[in-house]
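**Q** Show me how the following folds:
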Amino acid sequence: MTLPVVLIGVGLVAMSISGTAIALPDLGRDLDASGSALNWVVAGYNLAFAAMTLVAGAAADRVGRRRMFVAAAIVFSSGFLATAAAPTILVVDIARIVSGAGGAGIMAAGGALLASNYDGAARNRAFAFMGTMAGVGIAVGPTLVGGLISLTGWRGSFVVFAVIGLGIVLGARRLPESRANDVRTDWVGSVLFVVALSALMFALLEAPELGWTHPTVLLTLVLGAIGLVAFAIVQRRSSAPVLAPELVAHRRFMGWCLATLTTSIGFLGVLVFLPTYLQAAVDFTPVTAGLVMLLLTAPVLVAPVLAVGMVNKGISARLIIMIALGLVVAGNFGLLMLGPDNTTTLIAVPLLMIGVGMGASFGITDGQAMSLVPARLVGTAAGFLNTVRGAAEALVIAAFSAALIGFLSHQLGDPERAAAVSAGRLGAAHDAEVDALTTSWHFTQIGVGGVCLLLSASIAVLLFLRSPEPGHDVGAMS
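**A** Model (predicted):
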């Protein structure tokens, strides 16, 4: 039962990421929330996911991958139940952070369970199925949640996720256990990583409302930078690092990690913020917005299996990932055509390009990276891969939100109004605010496309240039 239970868990975590964005306008109106408080509903989940995945991966190797998977599913479901019952936006934000921590454990322990139970071509197929299920979750998440909101309201949609999560707990209790007996947990490094990433996320989300020179923002930026430096030092000196330095030192492993980071950057900003634009500027219903989002998410259903199939037939995985990155870059620049008129027609091709690129990345990055890792580090490596992906997603949400509100504030001259418009709450000056929102979207997309382009060039260097040190391979160190 290992493969089906893990895949259902992965799909549920993915649906909770993509589907929540559809609920934001209704949730914001019901709880009278906008700006950073509303953005924390998604960003808090992704922050906890990113911060805890690395910890969960290393801990799973020690305490048992099945045990970690079960505990994570319980935490995940509890967070969703608390979200459904939340009376205020603060409680929603806290509950979403709890769910994100649980999602991290599901993904990290699930990847470690697959890596420890499969080998060779079977492992490639298992990770391809994992990527496909993540794609299924992302693809159907907006549409499913849009339908659930129409039937039960946003609270009812969270209850459904909690019930499915409890079903995963029952199934996971029957899985075989596996662990690495000689693995120790670096708690100092784990705490430093969580503190550093949390501080950086807080600064990015709060800066548009408080101001970049506000003492609180400056203090958290400094705290985040110091935390990252301290984390790097501790990892190099620790006898049981949460992030093994030998993984970071491996050029091709890091190239594949950067590839998953880049596709996440190019995909997630659109995934999270486009549904609000469609409902506010184009006046789509939640169901219609979810259907339009299928242009972005549906390709992720099929692209992972197609990509891994080409790799298994001998086509270069490095060539495939570079094509995927090119599609993501071109698609993000293509979204400069976004506007309130003929919206679906104008953005259909760019959304499809981003979806295909993301799907291909899902299919091959994990398997290629894990093939370079010794058996004793599969949990740590799986945690690191998902941490990179989760950190990218969390920081993209924060940065995208900061840029969007910043551009809106400049155009509207009112930070509070800008926060409301970015949350889809347009006022009497509807047409002017739609124009401002569209222009802000365009400027933000230029930044996203530029970052993805620069990262793609770096990945090409890491994957295609020969290493100057012969025999420099993580697998050889096992």
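
**Q** which secondary element of the protein has the worst mean pLDDT?
**A** Ranked by mean pLDDT, DSSP states H and E, the weakest helix or strand in the chain is helix 245-249, scoring a mean of 71.

**Q** chain center to stretch 204-219, what's the gap?
**A** 24 Å (Cα atoms, centre = their mean, to the nearest Å).

**Q** pLDDT averaged over the helix or strand that residue 94 is a member of - what is it?
**A** Here residue 94, judged by DSSP states H and E, is contained in helix 89-117. Averaged across helix 89-117, pLDDT comes to 86.

**Q** again, but for stretch 346-355
**A** pLDDT averaged over stretch 346-355 gives 94.

**Q** Keeping just the C-alphas, turn that stretch into CSV.
**A** C-alpha atoms of stretch 346-355 as CSV (Å, rounded to 0.1, in the frame of the first residue of the first chain):
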residue,chain,number,x,y,z
LEU,A,346,-5.0,36.3,-24.4
ILE,A,347,-3.4,34.2,-21.6
ALA,A,348,-4.3,30.7,-22.8
VAL,A,349,-1.0,30.0,-24.5
PRO,A,350,1.3,31.5,-21.7
LEU,A,351,-0.6,29.5,-19.1
LEU,A,352,-0.2,26.3,-21.0
MET,A,353,3.5,26.9,-21.5
ILE,A,354,4.1,27.5,-17.8
GLY,A,355,2.0,24.4,-16.9
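
**Q** Test my guess that residue 366 contacts residue 385.
**A** Yes. The pair formed by residue 366 and residue 385 meets the contact definition of Cβ atoms under 8 Å, at 5.8 Å. Placement of C-beta: from N, CA and C, glycine included.

**Q** neighbour-wise, which of the two wins?
**A** residue 366 (30 against 27; other Cβ atoms under 10 Å).

**Q** For the stretch 101-250 of the chain, give me the ranges with low pLDDT.
**A** Within the stretch 101-250 of the chain, the segments meeting pLDDT under 70 span 135, 176, 178-185, 208, 240, 242-246.

**Q** And the helices in the stretch 301-450 of the chain?
**A** Here the stretch 301-450 of the chain has its helices, by DSSP state H, counting those that start in this stretch, at 317-334, 343-370, 378-412, 415-422, 430-464.

**Q** CSV for those helices, including distance to residue 14?
**A** CSV is the format used below for the helices of the stretch 301-450 of the chain (distance: least, Cβ to Cβ, whole Å):
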stretch, distance to residue 14
helix 317-334, 18
helix 343-370, 10
helix 378-412, 11
helix 415-422, 25
helix 430-464, 21
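
**Q** which of these has the lowest average pLDDT?
**A** helix 378-412 - the lowest mean pLDDT of those, at a mean of 75.

**Q** And the helices of the stretch 301-450 of the chain: which comes nearest residue 161?
**A** Among the helices of the stretch 301-450 of the chain, the nearest to residue 161 by Cβ to Cβ is helix 378-412 (18.1 Å).

**Q** pLDDT at residue 476, what is it?
**A** On pLDDT, residue 476 comes in at 39.

**Q** Show me the common contact partners of residue 366 and residue 385, please.
**A** Taking Cβ atoms under 8 Å, 6 or more residues apart in numbering as the contact rule, residue 366 and residue 385 both touch 111, 260.

**Q** what about residue 205, how many residues close to it?
**A** 26.

**Q** element containing it, please.
**A** Using DSSP H and E, residue 205 maps to helix 187-210.

**Q** packing partners for that helix?
**A** Applying 3 or more Cβ pairs under 8 Å, 6 or more residues apart in numbering; DSSP states H and E, we find helix 187-210 packed against helix 35-63, helix 215-237, helix 378-412, helix 415-422.

**Q** and the direction of the last one versus that of helix 378-412, what angle?
**A** By that I understand helix 415-422. 120 degrees (axes from the mean of the first three to the mean of the last three Cα atoms, to 10 degrees).

**Q** Buried residues in helix 415-422, which are they?
**A** Residues of helix 415-422 classed as buried under the neighbour-count rule (16 or more other Cβ atoms under 10 Å) are 415, 417, 418, 419, 420, 421, 422.

**Q** okay, now the domains of this structure?
**A** As assigned by automatic domain parsing, the chain contains the domains 2-185+242-477, 186-241.

**Q** Now distance to residue 225 too, for the buried residues of helix 415-422, in JSON lines please.
**A** Below are the buried residues of helix 415-422 laid out as JSON lines (distance: Cβ to Cβ, whole Å):
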{"residue": "415", "distance to residue 225": "26"}
{"residue": "417", "distance to residue 225": "32"}
{"residue": "418", "distance to residue 225": "27"}
{"residue": "419", "distance to residue 225": "26"}
{"residue": "420", "distance to residue 225": "32"}
{"residue": "421", "distance to residue 225": "32"}
{"residue": "422", "distance to residue 225": "27"}
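
**Q** coming back round to it: starting at the chain centroid, how far to the next helix or strand after the least confident helix or strand of the chain?
**A** Proceeding N to C from helix 245-249, the next assigned helix or strand is helix 251-280, under DSSP H and E. Centroid separation for helix 251-280 versus its chain: 7 Å, with Cα atoms, centre = their mean.

**Q** Now do the buried residues in helix 251-280.
**A** By neighbour count on 16+ other Cβ under 10 Å, the buried set for helix 251-280 is 251-280.

**Q** With stretch 200-212 instead?
**A** Of the residues in stretch 200-212, those buried (16+ other Cβ under 10 Å) are 200, 201, 202, 203, 204, 205, 206, 207, 208, 209, 210.

**Q** C-alpha coordinates for it, PDB please?
**A** Below are the C-alpha coordinates for stretch 200-212, written out as PDB (Å, rounded to 0.1, in the frame of the first residue of the first chain):
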ATOM      1  CA  LEU A 200      12.600  36.800   5.900                       C
ATOM      2  CA  MET A 201       9.100  35.900   5.100                       C
ATOM      3  CA  PHE A 202       7.700  38.200   7.700                       C
ATOM      4  CA  ALA A 203       9.700  41.100   6.400                       C
ATOM      5  CA  LEU A 204       8.600  40.500   2.800                       C
ATOM      6  CA  LEU A 205       4.900  40.300   3.700                       C
ATOM      7  CA  GLU A 206       4.700  43.200   6.100                       C
ATOM      8  CA  ALA A 207       7.000  45.600   4.300                       C
ATOM      9  CA  PRO A 208       4.400  46.900   1.800                       C
ATOM     10  CA  GLU A 209       2.100  48.000   4.700                       C
ATOM     11  CA  LEU A 210       4.700  49.000   7.300                       C
ATOM     12  CA  GLY A 211       7.400  50.300   4.900                       C
ATOM     13  CA  TRP A 212      10.800  48.900   4.200                       C
END
